[in-house]
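A.B. asks: Here's my sequence, what's the structure:
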Amino acid sequence: MRISVRSLAFSWLFALGMLGILLAGTPSLSHSGTPDVIDLPPHLTPASNDQLAQLQSTVWCALESSRSVRLTLDGRTLQYQGAMAIAPNWDGNVLPAAQQQRVDTCVQQRLRQLTGATPEGQRAALTFLFTKL
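C.D. replies: Take a look at the predicted model:
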């Protein structure tokens, strides 16, 4: 069986053309029309280190990497970047129950992978993951 170069070239061009059509129609999360930086309202500012760690983990799991949350805590401005885009349209307020459950699952799974099930290890991992990485 002989394969013609012309037939092979046409097949490749056709395949690449189809791929281009498919990719052109794919939506992009980074152009969702939502602000890149969310200013957290003062009444939602964390009151403890544990609440701050929870906020950091929520931001990391909920938002895409092009979005972040900014807040003022004790006179310092802090900004935390998203990563996983589980709830990409989150605006800084309370998440709907279904999205909150997915975000909580994301945080817990990440902690289990890195530290095991001990609370001390989880707290240390939260601090490292959401402030150092």
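A.B. asks: is it fair to say residue 58 lies in a helix?
C.D. replies: Yes. Applying DSSP: H, G, I helix; E, B strand; the rest coil, one finds residue 58 inside a helix.
A.B. asks: Tell me the spacing between it and residue 86.
C.D. replies: Distance, residue 58 to residue 86, by Cβ to Cβ, to the nearest Å: 10 Å. The way it works is simple: take the backbone N, C-alpha and C, and place the C-beta from them, glycine included.
A.B. asks: same thing with residue 108?
C.D. replies: Taking Cβ to Cβ as the criterion, residue 108 is separated from residue 86 by 13 Å.
A.B. asks: Can you pick out the residue with more neighbours from these two?
C.D. replies: Neighbour count, other Cβ atoms under 10 Å: between residue 108 and residue 86, residue 86 has more, with 22 against 14.
A.B. asks: ok, how many other residues are close to the nearest residue to residue 42 once chain neighbours are set aside?
C.D. replies: For residue 42, ignoring the flanking residues on the chain, the nearest one in space by Cβ to Cβ, 6 or more residues apart in numbering is residue 72 at 7.5 Å. When neighbours are defined as other Cβ under 10 Å, residue 72 has 12 of them.
A.B. asks: Let's see the pLDDT reported for residue 72.
C.D. replies: Note for residue 72: predicted pLDDT of 91.
A.B. asks: Contact partners for it?
C.D. replies: Residues in contact with residue 72, defined by Cβ atoms under 8 Å, 6 or more residues apart in numbering, are 42, 45, 78.
A.B. asks: For the host helix or strand of residue 77, C-alpha coordinates in PDB please.
C.D. replies: Using DSSP states H and E, residue 77 falls within strand 76-81. In PDB, the C-alpha atoms belonging to strand 76-81 read as follows (Å, rounded to 0.1, in the frame of the first residue of the first chain):
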ATOM      1  CA  ARG A  76      -1.500  46.200  56.400                       C
ATOM      2  CA  THR A  77      -2.800  45.500  52.900                       C
ATOM      3  CA  LEU A  78      -2.700  41.800  52.000                       C
ATOM      4  CA  GLN A  79      -3.500  40.300  48.700                       C
ATOM      5  CA  TYR A  80      -4.000  36.600  48.000                       C
ATOM      6  CA  GLN A  81      -4.100  35.000  44.500                       C
END
